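# Quick one, structure for this:
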Amino acid sequence: MKNVTAITFDGSNYVAKVGTKTIKSYSKKYVERKVAAMVGDIEVAIAATEAKQNRYDINTRFGFVEKLVNMVAGGVQPSAVITGEGGLGKTYTVTKTLEANGFKDISSR
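You can find the predicted model right below:
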């Protein structure tokens with residue numbers, strides 16, 4: 001299957017890329033039809049592309065966070081910025097990793 005990007009709107013046209021070709025039109029339906037003709041089922045193609053972009057599961061991603069915090073705690077990296085939606089466990093992961101490196105939480109004093 002060819003690599004397909006999601007259909008986006010650039011302010012004046014809908015745009016999609018299929019492999020090296022770009023489909024561009026003021027009509028979203030036209031772009032969808034052209035993409036479907038090129039790759040078959042557009043929903044399957046877009047889902048496959050999104051799955052490829054999100055190939056790391058949550059445990060792998062938090063493993064990256066732990067490694068990054070370990071680098072900061074060990075002085076390898078001077079700082080880190082960790083972002084994401086609320087409630088995922090970023091603060092918990094950072095706190096537990098720092099505690100494992102011998103740091104203590106003094107923020108409640």
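
# per the record, what domains does the chain have?
The chain breaks down by automatic domain parsing into domains covering 8-53, 58-100.

# In CSV: those domains, plus mean pLDDT.
CSV is the format used below for the domains of the chain (pLDDT from 0 to 100):
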stretch, mean pLDDT
domain 8-53, 78
domain 58-100, 92
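
# Of all these, which one is nearest Ser108?
Each of the domains of the chain was scored for nearness to Ser108 using Cβ to Cβ, and the closest is domain 58-100 (11.6 Å). To be clear about C-beta, it is placed using only N, CA and C from the backbone, and glycine gets the same treatment.

# on that earlier part again, adding distance to Ile106 and mean neighbour count, write the domains of the chain out as JSON lines.
Output for the domains of the chain, formatted as JSON lines (distance: least, Cβ to Cβ, whole Å; neighbours: other Cβ atoms under 10 Å):
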{"stretch": "domain 8-53", "distance to Ile106": "39", "mean neighbour count": "14"}
{"stretch": "domain 58-100", "distance to Ile106": "11", "mean neighbour count": "12"}
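
# closest to Ser107 out of those domains?
Nearest to Ser107 among the domains of the chain is domain 58-100 (9.4 Å), distances taken as Cβ to Cβ.

# Endpoints of the closest one, how far apart?
21 Å (Cα to Cα, to the nearest Å).

# Do you have the strands of the chain handy? List them.
Ranges of strands within the chain are 8-9, 14-18, 21-25, based on DSSP state E.

# Can you lay out the ones you listed as CSV showing distance to Asp105?
Formatted as CSV, those follow (distance: least, Cβ to Cβ, whole Å):
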stretch, distance to Asp105
strand 8-9, 43
strand 14-18, 47
strand 21-25, 51
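
# So which of those is nearest Ile58?
The nearest among those, by Cβ to Cβ, is strand 8-9 at 26.2 Å.
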